[in-house]
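What shape does this take:
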Amino acid sequence: MKIGKLYLLACIPVLCLACGSRDTDTGTGTTAPDGNNVSSAVRQNDSQGAEHTENAEKPATIVLFLGNSLSAGAGVDPASAFPALIQHRMDSLDWDVRAINAGLSGETSAGGLRRIDWYLQQYPVRILVLELGGNDGLRGIPVEVTQSNLQAIIEKARTANPNMEIILAGMQIPPNLGQDYTRAFQKIYPTLTSMENTHLIPFLLEGVGGVDSLMQMDGIHPNESGHRIVAENVWSVLYPVMEALHSRE
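This next block holds a predicted model:
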């Protein structure tokens, strides 16, 4: 899979600038024990999902999206971001599932590692969609460090729930740091999938990256149409996992 040429040209000069720092705190989030701000999108999805568990005989299945600005839906209404679209898809199947959006703009694998414990304490997570590492690659963080952080997140998740299903969202980066680094970065996700027996979305932005009509003006983040395609990329992997869970439980 290759990133489109136009996507690369657009991303190289601006990716680190646009994704390399967290969104300004608007005061609308809640604060996790580690001091990180939890986006209002998390609370929005949480309150929407509460309808699923009210008067239910058993708790809803929790799907946690731990990610960066892509999961957070930077530049679009949170209701149009792919985690919310996934929630709607599951609702249409009458599945008692809550999608918790823990996306945070500028997040790195190290930041996700710091935050994961709070979410695991707050929610009985059954499925983790791990969408992190892209900002690591843009900053040139050694691939060994990124892989170690992602692996540690997986281990924490499995410690909290040995039966947790984990889906890795694979990412690709522009070759501005050299082909060797780019290739090594790409190998992180299939390598971890093999080592940790996770599920894999080969490239989260497949069919979106490099397509001007599906990207915002920054050339980095999907627009609403792009998020619909990203949601399909996620759903193609998530649906079989969910279906298997529902057949067993």
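
from memory residue 117 sits against residue 157, does it?
No. Residue 117 is not in contact with residue 157 according to CB atoms under 8 Å; the separation is 10.0 Å. C-betas here are computed from N, CA, C, even on glycine.

residues near residue 134, how many?
Counted with other CB atoms under 10 Å, the neighbours of residue 134 add up to 27.

Show me which residues of the longest helix along the chain are buried.
The longest helix of the chain (DSSP state H) is helix 224-248. Across helix 224-248, burial judged by 16 or more other CB atoms under 10 Å covers 224, 226-227, 229-235, 237-238, 241-242, 245.

now do stretch 60-79
Buried, per 16+ other CB under 10 Å, within stretch 60-79: 60-76, 78.

same thing with stretch 115-123?
Neighbour-count burial for stretch 115-123 [16+ other CB under 10 Å]: 115, 116, 117, 118, 119, 120, 122, 123.

now residue 102, nearest residue through space, not along the chain?
Once flanking residues are discounted, residue 102 sits nearest to residue 66: 4.8 Å by CB to CB, 6 or more residues apart in numbering.

how near is the residue nearest to residue 161 when sequence neighbours are not counted to residue 188?
Excluding the flanking residues, the one nearest residue 161 by CB to CB, 6+ apart is residue 125, at 6.5 Å. In this view, residue 125 and residue 188 are 22 Å apart by CB to CB, to the nearest Å.

ditto for residue 239
With distances taken as CB to CB, residue 239 is found 24 Å from residue 188.

next one: residue 208
Taken as CB to CB, the span from residue 208 to residue 188 is 20 Å.

residues touching residue 177, list them.
137, 140 (CB atoms under 8 Å, 6 or more residues apart in numbering).

ok, now the one 4 residues further on?
For residue 181, the residues meeting the contact criterion (CB under 8 Å, 6+ apart) are 137, 140, 143.

give me the element it is part of.
helix 179-186 (DSSP states H and E).

What residues sit buried inside that helix?
Result for helix 179-186 [16+ other CB under 10 Å]: buried residues 181, 182, 184, 185, 186.
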